[in-house]
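A.B. asks: I would like the atomic coordinates for the input below:
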Amino acid sequence: MASCERKALKKYIKNYHKVHEPIDVDDLDISDNDFFNIESDTGMSFDAIVQQYTQISDVAGVNNILDKVLKVGTEKEIHVFFMLLQGRTVKDMSKVFDKTTSTIHNYIDNLLDKVIEG
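C.D. replies: Numbers count the residues shown, from 1 in each chain. Got it, this is the predicted structure:
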């Protein structure tokens, strides 16, 4: 069971950078009356609003995972996690840490097991 969860979590983390662009939140200079007016047009399509909401929800999911990673991970595991989120390859990470790809895979698997266990 943990193996399936680990695979799903690994896939989610490794593909996170491909699916989600950084969310650009502008601090708009609008009056309170305009802000709370439900009649006004946002200038966004419904699909764009749904996509932005989904993206924000996924960011919250990654933040939950990040909280666990920071609690249970070693320093190297935490760095590997951030590199995964950025889309770095295991081969690239092995060069950065001067470790074998097998060792990097072990860091990833150990961290994900810790995250899944709690």
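A.B. asks: can you pull out the strands in this protein?
C.D. replies: Using DSSP state E, no strands are found in the chain.
A.B. asks: Spell out the residue ranges of the helices in it.
C.D. replies: 2-19, 32-35, 46-72, 75-85, 90-97, 101-117 (DSSP state H).
A.B. asks: With mean pLDDT added, can I get those in TSV?
C.D. replies: Supplementary listing: the helices of the chain in TSV, determined by pLDDT from 0 to 100:
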stretch	mean pLDDT
helix 2-19	77
helix 32-35	57
helix 46-72	71
helix 75-85	90
helix 90-97	92
helix 101-117	92
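A.B. asks: Can I get those in CSV including mean neighbour count?
C.D. replies: For the C-beta atoms, the positions are set from N, CA and C on the backbone; glycine is no exception. Converted to CSV, those look like this (neighbours: other C-beta atoms under 10 Å):
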stretch, mean neighbour count
helix 2-19, 13
helix 32-35, 8
helix 46-72, 12
helix 75-85, 17
helix 90-97, 15
helix 101-117, 17
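A.B. asks: residues contacting L84?
C.D. replies: I13, K14, Y16, I108 (C-beta atoms under 8 Å, 6 or more residues apart in numbering).
A.B. asks: From V69, how far out is L84?
C.D. replies: With the distance defined as C-beta to C-beta, to the nearest Å, L84 ends up 10 Å from V69.
A.B. asks: picking that back up, identify the farthest-apart pair in the contacts of L84.
C.D. replies: Pairwise distances across the contacts of L84 (C-beta to C-beta) peak at 13.8 Å, for the pair Y16 and I108.
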